[in-house]
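no sequence for this one, just the structure:
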């Protein structure tokens, strides 16, 4: 019974925050024990990103660039247009939120990156995605090793 409760619990962490060019990016990662398989070196995480335009001009998110580390080595370098198929425009005061996921092969890792925005006057802005930890917790130590 204790094992079943452990498997269904999602472990959430407080958000990591960065502010660049009037754009606030907060990332809240979560570990998913139920979807993870430590015996196969598979650890599943989601992360919820909240982007807030705290500046004085409209900006549009054009591209993303993520770096993902599993343990101490890079396992992914992801570049693409927008996020989850969208390129949202944020007016001053607007907030945009989405959730995505990743998997790593070690019980600990990290992610960070940049978003490319374009302001209403055509200027390109490179906005920091804060470095955040991917930490496997809530699993018995015997399952991790």
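Looks like it arrived, so ask away. Keep in mind that this is a model prediction, so the values were computed, not measured.

what's across from the closest residue to residue 81 other than its chain neighbours in the sheet?
Spatial nearest neighbour of residue 81, excluding adjacent residues (Cβ to Cβ, 6 or more residues apart in numbering): residue 63 at 5.8 Å. Every C-beta, even on glycine, is put in place using the N, C-alpha and C of the backbone. Beta bridges link residue 63 to residue 81, residue 116 when assigned by DSSP bridges.

any low-confidence regions in this protein?
Counting by pLDDT under 70, the chain contains low-confidence ranges at 1-9, 138-145.

Taking the centroid of it, which residue is nearest it?
For the chain, residue 47 is the residue whose C-alpha lies nearest the centre (Cα atoms, centre = their mean; 4.1 Å).

all helices of the protein, in order?
2-8, 141-144 (DSSP state H).

Could you pull out the strands in this structure for me?
In the chain, the segments counted as strands under DSSP state E are 11-12, 16-20, 23-31, 43-53, 59-70, 73-81, 89-90, 95-104, 108-119, 124-135.

between those, which one is nearest to residue 37?
strand 43-53 (8.4 Å; Cβ to Cβ).

and that closest one, what does it pack onto?
Applying 3 or more Cβ pairs under 8 Å, 6 or more residues apart in numbering; DSSP states H and E, we find strand 43-53 packed against strand 23-31, strand 89-90, strand 95-104, strand 108-119, strand 124-135.
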